[in-house]
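**Q** Pasting the sequence and the predicted model now:
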Amino acid sequence: MINGTEKAKYILQLVTIGIGIALIVSNFIGLFFFKTIKHDNPHVIETSAKNISENIFWKNAYRKSYEPVKVYVDRLTRLVNDRMLLIDPKFTKPTFFENWILWVYSQYMGKYEWTDTKKAVRLGGGFCSQQAIVFNNILREQNIESRILGLNGHVLNEVFIDGKWRVYDPDFNVIFEESLKELEDNFNKVYRAYRIAGRTHDESKYLEKVFASHEDNWHFSTSKHYDIKKYFIETVSIYLIWVVPTMLIVVGLILRENIFSKIFDLF
């Protein structure tokens, strides 16, 4: 018979291996079962977006060889708006199976949005910042100069086309011919643009005020710079969800000391 210390060690080793296997199994489940946002989700704030399928989105997401940059960026603005439903990020947190590290992180934060383009598009919803990240990532992937604009109360984009910066808002499908600087100085254009896009008077006045406040308008070149902490956690977690359980299994096997031959001695 083995003593209590050895018994505890063997049980700990079994538990370590078991947890590792369980986490790997959950990772494989997450490849097929993940969160997506649809029109019938009770938490969707508004359903003006068409919520086109993920496949249709990706078939049209990149610039055609014959397509002028301005025409393409205008089209991408509408495309992102058609795919992404407006929903609070506290309802877009990843499931445990998708990424158990991000699941824990999102529970702590109370919300989540993806910096990964494909996962964000697969999700299909979020606040303005999620749409801006998707829009910016796709453009920069094609070497089209763009950046994320963080205003106090709204997040959108600015794209460099034909020698000048132009503001784009894929969240509300609003396209400006002006740069952020020009709109800060001529914010009455902001009100008119959002009213034409179907926003209410109050919404448009609010957005006009957001643009007009120069001191809290910021530029971020990429989603990494927009929220570097979340970008780092998400990037590292994609690898850790596989590395951690694999290490648990390896450590358990190394330390087991012929555990399987001694299992019956536990009883």
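**A** Everything's here; your move.
**Q** Looking at stretch 58-71 now, give me its mean pLDDT.
**A** Averaged across stretch 58-71, the pLDDT comes to 97.
**Q** what sits opposite residue 147 in the beta ladder?
**A** Beta bridges link residue 147 to residue 158, judged by DSSP bridges.
**Q** ranges for the helices of the stretch 51-200 of the chain?
**A** 54-60, 69-83, 100-109, 117-123, 128-141, 180-185, 188-196 (DSSP state H, counting those that start in this stretch).
**Q** from the ones you listed, which stretch is densest packed?
**A** Highest mean neighbour count of these: helix 128-141, a mean of 23 (counted as mean count of other CB atoms under 10 Å). Backbone N, C-alpha and C define where each C-beta goes, glycine included.
**Q** and the angle from that one to helix 69-83?
**A** In terms of direction (axes from the mean of the first three to the mean of the last three CA atoms, to 10 degrees), helix 128-141 departs from helix 69-83 by 140 degrees.
**Q** And for helix 128-141, what's in contact with it?
**A** 61-62, 73, 76-77, 80-81, 84, 89, 92, 113-115, 117, 120-121, 123, 145-149, 154-157, 159, 168-171, 222-223, 226 (CB atoms under 8 Å, 6 or more residues apart in numbering).
**Q** do you know which of the helices of the stretch 51-200 of the chain lies nearest residue 11?
**A** helix 100-109 (23.3 Å; CB to CB).
**Q** now that closest one: mean pLDDT?
**A** Per-residue scores along helix 100-109 average to 96.
**Q** Just the buried subset of the contacts of helix 128-141, please.
**A** 61, 73, 76-77, 80-81, 84, 89, 92, 113-115, 117, 120-121, 123, 146-149, 154-157, 159, 168-171, 222-223, 226 (16 or more other CB atoms under 10 Å).
**Q** returning to what we had before: could I get the helices of the stretch 51-200 of the chain in TSV, plus columns for distance to residue 18?
**A** Shown next, in TSV, are these (distance: least, CB to CB, whole Å):
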stretch	distance to residue 18
helix 54-60	35
helix 69-83	40
helix 100-109	15
helix 117-123	29
helix 128-141	36
helix 180-185	54
helix 188-196	55
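**Q** The chain - how does it break down into domains?
**A** 1-33+237-260, 34-226 (automatic domain parsing).
**Q** hey, least reliable of these by pLDDT?
**A** domain 1-33+237-260 (a mean of 84).
**Q** The closest residue to residue 221 other than its chain neighbours: what's it in contact with?
**A** Here the nearest residue to residue 221 in space, its sequence neighbours aside, is residue 147; by CB to CB, 6 or more residues apart in numbering that works out to 5.1 Å. By CB under 8 Å, 6+ apart, residue 147 lies in contact with 136, 157, 158, 219, 220, 221, 222.
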